[in-house]
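Trainee: when you get a sec, could you give me coordinates for this:
(chains A and B)
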Number of protein chains: 2
Amino acid sequence: MKKIINRPEDYVNEMLEGLYVAHPDLITYTNDDLRCLVTARKKPGKVGIATGGGSGHLPLFLGYVGEGMLDGCSVGDVFQSPSAEQMAAVTREIDDGAGVLYIYGNYNGDIFNFDMAAEMVDFEDGIRVESVVAGEDVASAGPSAPGEKNTRRGVAGILFVFKCAGGAAAAMLDLDEVKRVAEKAAANVRTMGVALTPCTVPRVGEPGFSIGEDEMEIGMGIHGEAGIRRGKIEPANQIAEEMLDKIVADLPYQSGDEVAVLINGLGATPLDEQYIVTRQVNKYLEAKGIKVYRYYVGEYATALEMAGVSISLLKLDDELKKYLDAPAKTPFFVS
Amino acid sequence: MKKIINRPEDYVNEMLEGLYVAHPDLITYTNDDLRCLVTARKKPGKVGIATGGGSGHLPLFLGYVGEGMLDGCSVGDVFQSPSAEQMAAVTREIDDGAGVLYIYGNYNGDIFNFDMAAEMVDFEDGIRVESVVAGEDVASAGPSAPGEKNTRRGVAGILFVFKCAGGAAAAMLDLDEVKRVAEKAAANVRTMGVALTPCTVPRVGEPGFSIGEDEMEIGMGIHGEAGIRRGKIEPANQIAEEMLDKIVADLPYQSGDEVAVLINGLGATPLDEQYIVTRQVNKYLEAKGIKVYRYYVGEYATALEMAGVSISLLKLDDELKKYLDAPAKTPFFVS
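Mentor: Residues are numbered from 1 along each chain as shown, chains lettered A, B, ... in the order given. Predicted coordinates for the structure are as follows:
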């Protein structure tokens, strides 16, 4: 394990201390708990938006708390859910009478704890909470018959849900309306990833899995969950096309649609490679008649030092464009 | 070599095509040459600022072209200088009668070509060019007697020189004044880095050097140039302190000074680790009585997929603060 860290058990708290030191104008914490991160720029009367999840994915999740996006984030250990108590503490701090929307990824631990937190603050504090569970990873799509459970993992595309919901809340829409916008964004985003190398959870000290020196895995999750195909590494253009074929067919995205595109580095992959992928994504979408409204390229949701990229598309309408473009300022997102 | 690329010989041009696709509102190119990158937001009558250098360091160098920072960048192959002709083409495009300032890193190929480009545009076009060579890496400090050559490599700290000079140019200062501000920034910045892993130039196909599984190298350059000490990996706090001891002693930075701090990831090192380093930098500077005006944390100057970080300090006065804080918008820097 080659990392610039101190004791593995201090990893998350020391990372958080560094964040508070670097961004005092944007974020702080509540409940005397470093892991209950909240905005330093609370807007009176606004619907609060909270997320939460395991560490190891920076800038996800906590990096999008600030102004015009999220108001709070409960922070778990690496790849582990924060507790319901931490989520409840964040909720109490960010509620200003208009209620709170939870937006988080589709993982069992997070669902269990966020549901419990919502009950706690409803019962103890009378705070109304609504939830949107983001799950847009095409590789983990399971049964889709009506009423069946969504098995899709929430990955990088949650950025779009955060941004659109944050824009709606900043425009002072009420809780039901902010939830509607978040659900619309969540329903119109799809993601696929590819991984080239594993990553190492600091407390574990060795990689969670291995990939051969000449192999890649299409569809791998951001905790190393199994993908849909492992094979020899292919040229960037072929990799991008395989992912795009699956993404585009899934929603589906069609000729005439307008989309925002997120090309996301998983941790160790240089920006150069992300832009080489961007180039091919652009050619592919042009050929399909799908218009790109805006590109986001960089590390938005990572898996520690995993090498790889993911591609997310968000199908837009005028309302989503408006909230996507609305001003925001957080430690890792400025628009 | 595990990379998401197509043919190694297309690496730089395909990366550039991706950049132009993603950021058409900010950057374009001139001279029918993808590698002659210029701003899409030219401000009439302003001093132009150009840089240039090898690829493989994104966001450096080209990522800081846009508004309020740089106006042009000539782009070389990976770790190789662009040509004097490319530099001259960029210069012609960004000059608007007020002259052009070159700011680039202290590497022989770049010095040779930028000097030749300056002569070409002076002779052929009557454009006045001044140059500031940034070299702030403490690890490569050589002779410092008056008149002796500066052997320091230019590394991540050049970001501060770009930003301060860009702010001065946007404030419509003349060429001599913009040069004076750039020189002041360059004279007050110092950097040290540490590397944990090597990186692979795509055309070469194998790492340029090796580092043992349990080793690090303090002071390594962003092309893998030898550092000042190789040894067993130590805890993050010790690594940060060793680098800070050398940085602070070199300028020197003293109690009562105010500084901007850049914690820079070299490519594969997660943001978490960069913030763990930030935490220790803050403790260290606090103990020394050095006040931090602002932190910048993230990947600002990389070496492909090298794991490691660098720390840069910029000693500030009121003028540098003003230009550091001035608005800027480029693909990789917004303030």
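
Trainee: sec struct for the residue of the stretch 1-150 of chain A found nearest chain B, please.
Mentor: As assessed by CB to the nearest CB, chain B sits closest to A:Gly18 within the stretch 1-150 of chain A, at 3.2 Å. To be clear about C-beta, it is placed using only N, CA and C from the backbone, and glycine gets the same treatment. Here A:Gly18 is recorded as helix under DSSP: H, G, I helix; E, B strand; the rest coil.

Trainee: my read: it touches B:Lys283, true?
Mentor: No - judged on CB atoms under 8 Å, A:Gly18 makes no contact with B:Lys283 at a distance of 10.3 Å.

Trainee: higher neighbour count, these two?
Mentor: The residue with more neighbours, out of A:Gly18 and B:Lys283, is A:Gly18; 25 against 15, by other CB atoms under 10 Å in any protein chain shown.

Trainee: find the residue closest to that one in space, skipping its chain neighbours.
Mentor: Counting by CB to CB, 6 or more residues apart in numbering or on different chains, A:Gly18 lies nearest to B:Tyr275, which is 3.2 Å off, once chain neighbours are set aside.

Trainee: roughly how far does the one you found sit from A:Glu14?
Mentor: Distance, B:Tyr275 to A:Glu14, by CB to CB, to the nearest Å: 8 Å.

Trainee: on that earlier part again, in the host helix or strand of the residue nearest to A:Gly18, what's buried?
Mentor: Using DSSP states H and E, B:Tyr275 sits in helix B:271-288. Buried residues in helix B:271-288, counting neighbours by 16 or more other CB atoms under 10 Å in any protein chain shown, are found at B:271-282, B:284-285.

Trainee: now the helix or strand following it: buried residues?
Mentor: Beyond helix B:271-288 on the C-terminal side, the first helix or strand identified by DSSP H and E is strand B:291-298. Within strand B:291-298, the residues that count as buried by 16+ other CB under 10 Å are B:292, B:294-298.

Trainee: residue of the stretch 151-300 of chain A closest to chain B, please.
Mentor: For the stretch 151-300 of chain A, CB to the nearest CB, closest residue to chain B: A:Tyr275, 3.2 Å.

Trainee: so what's that residue up against?
Mentor: Residues near A:Tyr275 by CB atoms under 8 Å, 6 or more residues apart in numbering or on different chains: A:263, A:297, B:14-19, B:22, B:58.

Trainee: contact residues of the stretch 1-150 of chain A facing chain B?
Mentor: Applying CB under 8 Å from any CB of the partner chain, we find that the stretch 1-150 of chain A lies next to chain B at A:2-7, A:11, A:14-19, A:21-23, A:55-56, A:58-59, A:63.

Trainee: of these, just the buried ones, PyMOL syntax please.
Mentor: Selecting the buried subset of the residues of the stretch 1-150 of chain A next to chain B in PyMOL, with 16+ other CB under 10 Å as the burial test, is done by:
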select buried, chain A and resi 2+3+4+5+6+11+14+15+16+17+18+19+21+22+23+55+56+58+59+63
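
Trainee: which of the residues of the stretch 1-150 of chain A next to chain B fall in strands?
Mentor: A:Ser55 (DSSP state E).

Trainee: give the rounded mean pLDDT of stretch A:221-232.
Mentor: Stretch A:221-232 shows a mean pLDDT of 94.

Trainee: how about stretch A:174-185: buried residues?
Mentor: A:175, A:178-185.

Trainee: redo those residues as a markdown table? Include pLDDT, distance to chain B and secondary structure.
Mentor: Converted to a markdown table, the buried residues of stretch A:174-185 look like this (pLDDT from 0 to 100; distance: CB to the nearest CB, whole Å; DSSP: H, G, I helix; E, B strand; the rest coil):
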| residue | pLDDT | distance to chain B | secondary structure |
| --- | --- | --- | --- |
| A:Leu175 | 98 | 30 | helix |
| A:Val178 | 98 | 26 | helix |
| A:Lys179 | 98 | 30 | helix |
| A:Arg180 | 98 | 30 | helix |
| A:Val181 | 98 | 24 | helix |
| A:Ala182 | 98 | 25 | helix |
| A:Glu183 | 98 | 28 | helix |
| A:Lys184 | 98 | 25 | helix |
| A:Ala185 | 98 | 21 | helix |
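
Trainee: of those residues, closest to A:Ala165?
Mentor: Of all the buried residues of stretch A:174-185, A:Ala182 has the smallest distance to A:Ala165: 3.9 Å, by CB to CB.

Trainee: once you drop chain neighbours, what's closest to that closest one?
Mentor: Nearest residue to A:Ala182, sequence neighbours excluded (CB to CB, 6+ apart): A:Ala165, at 3.9 Å.

Trainee: checking the one you found next. Helix, strand or coil?
Mentor: helix.

Trainee: return the residues in contact with it.
Mentor: Taking CB under 8 Å, 6+ apart as the definition, contacts of A:Ala165 comprise A:49, A:101, A:103, A:132, A:178-179, A:181-182, A:185, A:323.

Trainee: got phi/psi on A:Glu93?
Mentor: Dihedral pair for A:Glu93: phi -70, psi -40, per degrees, to the nearest 10.

Trainee: check contacts around it.
Mentor: Contacts of A:Glu93 by CB under 8 Å, 6+ apart are A:30-31, A:36, A:38, A:72.

Trainee: those residues, buried ones only, as a ChimeraX selection?
Mentor: This is the ChimeraX syntax for the buried subset of these, where burial follows 16+ other CB under 10 Å:
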select /A:30,31,36,38,72
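
Trainee: which pair in the contacts of A:Glu93 spans the largest distance?
Mentor: A:Asn31 and A:Gly72 (10.8 Å).

Trainee: these two touch, right, A:Ile27 and A:Leu19?
Mentor: Yes - taking CB under 8 Å as the definition, A:Ile27 is a contact partner of A:Leu19 at 6.8 Å.

Trainee: common neighbours of those two, please.
Mentor: Common neighbours of A:Ile27 and A:Leu19 (CB under 8 Å, 6+ apart) are A:37, A:62, A:331.

Trainee: out of these, which comes closest to A:Gly68?
Mentor: Nearest member of the shared contacts of A:Ile27 and A:Leu19 to A:Gly68, counting by CB to CB, is A:Pro331, at 12.8 Å.

Trainee: can you report how many residues lie near the closest one?
Mentor: 23.

Trainee: tell me the pLDDT of it.
Mentor: Reported pLDDT for A:Pro331: 97.

Trainee: what separation do you get for it and B:Phe61?
Mentor: Relative to B:Phe61, A:Pro331 is positioned 24 Å away (CB to CB).

Trainee: cool, A:Gly68 as well?
Mentor: 31 Å.

Trainee: out of these two, which sits in the busier spot?
Mentor: Neighbour count, other CB under 10 Å: between A:Gly68 and B:Phe61, B:Phe61 has more, with 30 against 23.

Trainee: give me phi/psi at the more buried one?
Mentor: The phi/psi pair for B:Phe61 (degrees, to the nearest 10) is phi -100, psi -30.

Trainee: can you list the buried residues of stretch A:174-185 in CSV and add distance to B:Gly267?
Mentor: Listed next are the buried residues of stretch A:174-185 as CSV, based on distance: CB to CB, whole Å:
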residue, distance to B:Gly267
A:Leu175, 42
A:Val178, 38
A:Lys179, 39
A:Arg180, 41
A:Val181, 36
A:Ala182, 34
A:Glu183, 37
A:Lys184, 37
A:Ala185, 31
